[in-house]
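**Q** return atomic coordinates for the entry below.
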Amino acid sequence: MAYAREAAETIGLECLAWLAGHEDLLGVFMGATGADRDTLREGAQDPVFLASVLEFVMQDDAWVVEFCAAAGRPNEAVQLARAALPGGQQTHWT
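**A** The predicted structure is shown next:
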């Protein structure tokens, strides 16, 4: 199952909201990306930024599972949404 870009952006927004609700994890994300609170607000409108949120969460299976459970989504939703956003079709070998 693939997501349309609009549906993928919705999942990215849900993931950003979930991340914002986890202050410690949000701090790790902000430190890793250099984002600040203003960047988070602006990024909610940017598919590339939402892709970075999904990529961050995909670094840990436990985060993916926790987010998907909270959002009522299947565990593969994060990966499928990421694939539908800019840069998602690129193969990463690292």
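**Q** let's check: the centremost residue of the chain is which one?
**A** residue 54 (2.1 Å; Cα atoms, centre = their mean).
**Q** helices and strands around the helix or strand that residue 11 is a member of, which ones?
**A** Using DSSP states H and E, residue 11 maps to helix 5-20. If you count contacts as 3 or more Cβ pairs under 8 Å, 6 or more residues apart in numbering; DSSP states H and E, helix 5-20 packs onto helix 23-33, helix 37-43, helix 47-57, helix 61-71, helix 77-84. In this view, the C-beta of every residue, glycine as well, is placed from N, C-alpha and C.
**Q** list the buried residues of the first one.
**A** Within helix 23-33, the residues scored as buried using 16 or more other Cβ atoms under 10 Å are 25-26, 29, 33.
**Q** wait, residue 75 sits on residue 66?
**A** No: using Cβ atoms under 8 Å, residue 75 makes no contact with residue 66, being 10.2 Å away.
**Q** compare those two (neighbour count), which wins?
**A** Neighbours around residue 75 and residue 66, counted as other Cβ atoms under 10 Å, are more numerous at residue 66. The numbers are 15 against 12.
**Q** no further questions, thank you.
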